[in-house]
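Engineer: Structure of the sequence below:
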Amino acid sequence: MNKSITAIPNLLLASLPRKEYLKLLPDLSNVTLDYGDILYEPHTRMAYVYFPDNCLVSLLTQIDRHLELEVGMVGNEGVVGTPLALGTEVSGVRALVQGAGEALRMSSARFLSALQRSPPFQRAVLGYVDMLIRQVSQTAACNRFHVVEARLARWLLMTRDRLKTGEFQLTHEFLSHMLGVRREGVSEAASIFQKQNLIEYSRGHIKILDHKGLEAASCSCYAKGAMAIAPWRPTNGSVHQLPRRGAAILTARVKPLASKRPIVRAARAKLSV
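Structural biologist: Here you go, the predicted model:
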C-alpha cells in the first residue's frame, strides 16, 4: 500500500486522523458522476453512499407529485446518504447530480460497519448531518422570506463554493426548480445580475464575473452557510487543496438508476414567486 501524502478533496474524509482514513480505503472506490445521474429516488433503498470530490449533488423533494424543489445540496464538504447514519435505509429525496465530477463510493453495509468501528468517522459523519440539517432549515426560511435575486445569488455562490469554479452549466428550467419560482422570475433576476456585470449568462452557461459583488447581492443565508464551507474565489488560477492521506483508490463507473431526463416533466406548471 502506498502511504504517501496526496490531496483529499473531500473535506469530511480529510478531517479524519490518518489511521482512520486508511482503514476506510479498502471500502472506497472512485466513481465518475455525470450531470443528470440519479443516485437515489424517493422511497427506495440507498445501496451506496457518496463522498463528492469535485461534483455537486442536489437533494430534491417532490410537491403534489409533479413539481420538485431543491431542499439541500452536497459537495466536497460532506457525504450523500446521511439518513443511513440515522438508522434509515430508504431515501426521502431524489439525489440528482447537478455538477459532474468524481466521488468516492462506499456500500451502505460497509458504511454502517465503519460507523460502528470508528468513533472519529462516526463523529465526522454526524457532525455533517447536523450541518446538512442546518442548511435545509436555512433554505426553507430563505425560500419563504427572501426575494428571488438574493436567493439566486446565494444558490450560485453555494454552487461555486462546492464545485470550486465560477463557471457552470445551468438552464432557466433547472434554476426555476432549484429556487421554486417561475422561469420568468429566474430570467428577470439573471438579467439584473448581467446588467450589473455580476454574471454572464448565455444558453445555460453561467460565469461569475464579480465574486465579491455577487456575495454582496446575496441574502444573509449565504454568509451563515459559508461558515461551514469556506467561500471559493479564483486566486492566480490555483485552488488550495487539503492533504490526502493514503493509497490509490479503485476506479469504477456509476450506473444511473434511471435514464437522463429533465428534472421535472411537468415543467410547464407554474409556481408563484
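Engineer: how about the strands of the stretch 101-250 of the chain, start to end?
Structural biologist: 101-107, 167-169, 199-202, 205-208, 243-245, 250-251 (DSSP state E, counting those that start in this stretch).
Engineer: Can you list the neighbours in contact with the longest one?
Structural biologist: Which is strand 101-107. The contact list for strand 101-107 (Cβ atoms under 8 Å, 6 or more residues apart in numbering) reads 9-10, 13, 24, 27-33, 47-56, 80, 114, 163, 249, 252, 254. From N, CA and C alone the C-beta is placed, and that goes for glycine too.
Engineer: if we can go back for a sec, tell me which of the strands of the stretch 101-250 of the chain sits most buried.
Structural biologist: Highest mean neighbour count among the strands of the stretch 101-250 of the chain (mean count of other Cβ atoms under 10 Å): strand 101-107, with a mean of 21.
Engineer: How many residues are close by the closest residue to residue 110 other than its chain neighbours?
Structural biologist: Excluding its sequence neighbours, the residue lying closest to residue 110 (Cβ to Cβ, 6 or more residues apart in numbering) is residue 27, at 4.1 Å. The burial count assigned to residue 27 is 16, neighbours taken as other Cβ atoms under 10 Å.
Engineer: picking up where we left off before, so for residue 146, which of the strands of the stretch 101-250 of the chain sits nearest?
Structural biologist: strand 199-202 (18.1 Å; Cβ to Cβ).
Engineer: Please identify the pairing partners of that closest one and their relative orientation?
Structural biologist: Under the criterion DSSP bridges, strand 199-202 sits next to strand 205-208 (antiparallel) in its sheet.
Engineer: what about the protein, any weak spots by pLDDT?
Structural biologist: Where the chain drops to pLDDT under 70, the residues are 1-6, 65-66, 226-231, 233, 235-273.
Engineer: May I ask you to confirm that residue 62 belongs to a strand?
Structural biologist: Yes: Residue 62 sits within a strand when classified using DSSP: H, G, I helix; E, B strand; the rest coil.
Engineer: which ones are touching it?
Structural biologist: Here residue 62 is in contact with 42, 68, 94 (criterion: Cβ under 8 Å, 6+ apart).
Engineer: coming back round to it: tell me which of the strands of the stretch 101-250 of the chain lies nearest to residue 86.
Structural biologist: strand 101-107 (16.6 Å).
Engineer: Phi, psi for the residue most central in space within the chain please.
Structural biologist: With the centre of the chain defined as its mean C-alpha position, the nearest residue by Cα atoms, centre = their mean is residue 74, 2.6 Å away. For residue 74, the backbone dihedrals (degrees, to the nearest 10) come out as phi -130, psi 130.
Engineer: hey, what's it bridged with?
Structural biologist: residue 57.
Engineer: OK, contacts around it?
Structural biologist: 52, 56, 57, 59, 80, 132, 162.
Engineer: In the lengthiest helix in the chain, which residues are buried?
Structural biologist: Longest helix in the chain by number of residues (criterion: DSSP state H): helix 119-145. Neighbour-count burial for helix 119-145 flags 121, 124-125, 128-129, 131-132, 135-136, 138-139, 142-143 (criterion: 16 or more other Cβ atoms under 10 Å).
Engineer: by contact count, what packs against it?
Structural biologist: helix 11-14, helix 18-24, strand 67-74, helix 108-117, helix 148-163, helix 220-226 (3 or more Cβ pairs under 8 Å, 6 or more residues apart in numbering; DSSP states H and E).
Engineer: Serialize these to TSV and add fields for distance to residue 199.
Structural biologist: Putting those into TSV (distance: least, Cβ to Cβ, whole Å) gives the following:
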stretch	distance to residue 199
helix 11-14	26
helix 18-24	37
strand 67-74	19
helix 108-117	38
helix 148-163	7
helix 220-226	15
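Engineer: hang on, residue 234 packs against residue 166?
Structural biologist: Yes: the pair residue 234 / residue 166 is scored as a contact, 6.3 Å apart, by Cβ atoms under 8 Å.
Engineer: No more questions from me, cheers.
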